[in-house]
Every structure is written in C-alpha cells, then in structure tokens.
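**Student:** Quick one, structure for this:
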Amino acid sequence: MKHLKGWLSISVLYLLALLPLRMAQSLGEYVGKRTYKSRNKAYKITKMNIELCFPELNAAQQDALVKESLIETGRLAGEMGMSWIWSPGRVIKKIRKIHNEEYLSEALSDGKGVILIAPHLGNWEVLGLHLSTKYKLTSMYRPPKIELMDRLVRRKRARLGSKLAPANVKGVRMAMKALKAGEVLGILPDQEADKGSGVFAPFFGQDSYSMKLLPQLAAQTGAAVISAYAKRLPDGQGFEIFFHRASDKINDKDLLSSAAAMNAEVELCVRQIPEQYQWEYKRFQHRPDGTRMY
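**Tutor:** Next up, the predicted model:
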C-alpha cells in the first residue's frame, strides 16, 4: 500500500509541475477552502493552535486566520511540483527579491559557520534551493514515511550539492562537521521534539516541547544564528526571501534560555506572515503535566 501511495504522490507532483505556478496554487487554494469547510482534523488542529497563540484576536479574526492558513497550506501543496520537479534555474527565477542576505554572508566571514533557522513558513523548499545555489549547505531533515517520497526528496534537495543530515547521531556528526568547516547548517526547529530530545520552552506564550539540538550546537560551536523564510507573493508572482539576525541568547549555555530564544526567533518570523505558517502541525501535543492536547 505504501508503495502505491508513493507512486500516486509522485505522479501528482509531476502533474502539478506541468502547470503554471498560479494555476497550481489555485488548485491548492481550492483544496484549502474545502478543508476549511469540511471541519476535518487539519481544520481542528489549526483552529486550536490559532486560538492558543492569538488570544488578542476576537473569534471572527481567529476564524479568518484559520481559513487563510488552510488556504495557504493548500497553495504550498500546489507548489510542490514546482519545488521538486522544476529545474533549479526555473525555480530561482520565481524569487523576486531578497532582503538582508548580507547578514548571512557577514556571519560566514567569521569562519565559525552559521546555523540557519528555517521555520515551516512560506515555502522553505524555495529557500533551501536558493541557499544551495550560493553556499555550502547541510540541512537536517526527517525522512518522509513513504520510501519513494524519501528518495525523491533526498535526490531533489541534494541536486545542487547540498548535504542532508538525518535526525540521528550520524546527522549530528554531519552538522558539527559542517559548522567546523565554516558552512551553513539549515534546521527547521519548530516541530515538536522527539521524546527525550527536547525541553519545554515558551512559543507564542505556550509551553512547547522544543528541540535541544539547535541550542546545543550554537553553544558548543559559537556559530552565528540567522533566520530566514521565503514569503509567498499573491497571484502566482513568486516569492521574496527574508533574512534576520537572531538573538545572541540562542548561544547561551543555559538550555532553557537558549531554547526560549530560539522559539522567540521563530515567533518573530511567523508574526510577519502568520497565515503562511503551518498551524496544522501538532506543535503543543505534549504538555508539561503529561497530558496530550490533540
């Protein structure tokens, strides 16, 4: 069954890749609207997360953000054909503007490497492709459950020479090696950490079980930390990439302090375009009292 799902998923990607970006996004937009109307699991998780993280919004504003978030997630799904099947040069042409990239180049000049925080915001595949064209990049990743998709993802993400480091002991060694060589290490740090590999730290005012790896690497290596995301522009126009200098507190040897600073940096990025964040992730699954939220 997984083999069949893999082939079906890949077939859909190739079909999406045949479409202009705006048309592929429109298909995803339709799926997002249907998800909102269906009140399914993705809707319920998104709603719970947004209600938790934006208490300052009234019910109507929260509902509007839920709807737009699901639509943006649909657009992201529609873009996967572009992200993984199009040639790198064709994707790069969709990047309309890049803001503050000098922050990254300046940080690299110290020779200690750079840890790049890449939240699940906008289209992180476009961001990764841009980084691969200009820098020596190692990216931490969690393999998809479907083997055929994992092969495709690894092949496409590595097509310009970037390295993929799995979320295990081998991957940590690869991460350390990249930083010691003065290279860029990309991490998406905003999913709930695996049991035993995280600490509870605030995220949008909520205790969130957050990864220890990024703060530990920052403290051990002294690498600068930069955040970045690729914002989706309206009407299929493409993307803009934004870079931001993260707080030095992420390099703090106190793990709770550094994890809180890491989450604050992710939150800062998300607040720029909250509708383009992946709110359907179970970000607050495990609570400090041992209960499960979803």
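
**Student:** Cross-check the contact I'm expecting between residue 68 and residue 273.
**Tutor:** No: with contact defined as C-beta atoms under 8 Å, residue 68 does not reach residue 273; the gap is 10.2 Å. All C-beta atoms are positioned from the backbone trio N, CA, C, and that covers glycine.

**Student:** can you map out the helices along the stretch 151-294 of the chain?
**Tutor:** Applying DSSP state H, counting those that start in this stretch to the stretch 151-294 of the chain gives helices spanning 169-180, 213-221, 255-272.

**Student:** Which one, of the ones you listed, ends up nearest to residue 9?
**Tutor:** helix 169-180 (24.1 Å; C-beta to C-beta).

**Student:** Run through the stretch 151-294 of the chain and note the low-pLDDT ranges.
**Tutor:** Residue ranges of the stretch 151-294 of the chain with pLDDT under 70: none are present.

**Student:** ok, now with 90
**Tutor:** Along the stretch 151-294 of the chain, segments meeting pLDDT under 90 span 151-161, 166-169, 194-195, 290.

**Student:** Would you point out which residue is most central in this structure?
**Tutor:** residue 120 (2.5 Å; C-alpha atoms, centre = their mean).

**Student:** list the contacts for residue 95?
**Tutor:** By C-beta atoms under 8 Å, 6 or more residues apart in numbering, residue 95 lies in contact with 126, 130, 230, 238-241.

**Student:** Just name the closest of the residues you listed to residue 92, please.
**Tutor:** The closest of the contacts of residue 95, once distances to residue 92 are taken by C-beta to C-beta, is residue 130, at 6.7 Å.

**Student:** What is the burial count for that closest one?
**Tutor:** 22 (other C-beta atoms under 10 Å).

**Student:** List the buried residues in stretch 149-166.
**Tutor:** By 16 or more other C-beta atoms under 10 Å, the buried positions in stretch 149-166 come out as 149, 152-153, 156-157, 162-165.

**Student:** Now the two most distant members of these.
**Tutor:** The most widely separated members of those are 149 and 163, with 19.2 Å between them, by C-beta to C-beta.

**Student:** Look up which helix or strand residue 96 falls in, please.
**Tutor:** Take DSSP states H and E as the rule and residue 96 turns out to sit in strand 95-99.

**Student:** What residues of that strand count as buried?
**Tutor:** In strand 95-99, counting by 16+ other C-beta under 10 Å, buried: residue 95.

**Student:** Partner strands of that strand, with direction?
**Tutor:** Using DSSP bridges, strand 95-99 pairs in its sheet with strand 239-245 (parallel).

**Student:** residues of the partner strand that come out buried?
**Tutor:** Quick answer for strand 239-245 (16+ other C-beta under 10 Å): 239-244.

**Student:** How about stretch 278-290?
**Tutor:** Residues of stretch 278-290 classed as buried: 278-281, 283-284, 286 (neighbour count, 16+ other C-beta under 10 Å).

**Student:** In the stretch 1-150 of the chain, what residue spans correspond to helices?
**Tutor:** Under DSSP H, counting those that start in this stretch, the stretch 1-150 of the chain gives helices at 2-17, 21-38, 41-53, 59-85, 88-92, 102-108, 124-134, 147-157.

**Student:** These: lowest mean pLDDT?
**Tutor:** Per-stretch averages of pLDDT across those put helix 147-157 at the bottom, with a mean of 78.

**Student:** Which residues are in contact with residue 181?
**Tutor:** 113, 136.

**Student:** change it to 10 Å
**Tutor:** The contact partners of residue 181, taken as C-beta atoms under 10 Å, 6 or more residues apart in numbering, are 111, 113, 136, 138.

**Student:** Please look at residue 190 and residue 263 and confirm they touch.
**Tutor:** Yes: at 7.9 Å, residue 190 counts as touching residue 263 under the criterion of C-beta atoms under 10 Å.

**Student:** For residue 223, what are phi and psi?
**Tutor:** The phi/psi pair for residue 223 (degrees, to the nearest 10) reads phi -70, psi 140.

**Student:** What is the burial count for it?
**Tutor:** Residue 223: 28 neighbours (other C-beta under 10 Å).

**Student:** ok so, going back, compute the inter-axis angle for the strand holding residue 96 and helix 124-134.
**Tutor:** Relative orientation of strand 95-99 versus helix 124-134 (axes from the mean of the first three to the mean of the last three C-alpha atoms, to 10 degrees): 80 degrees.
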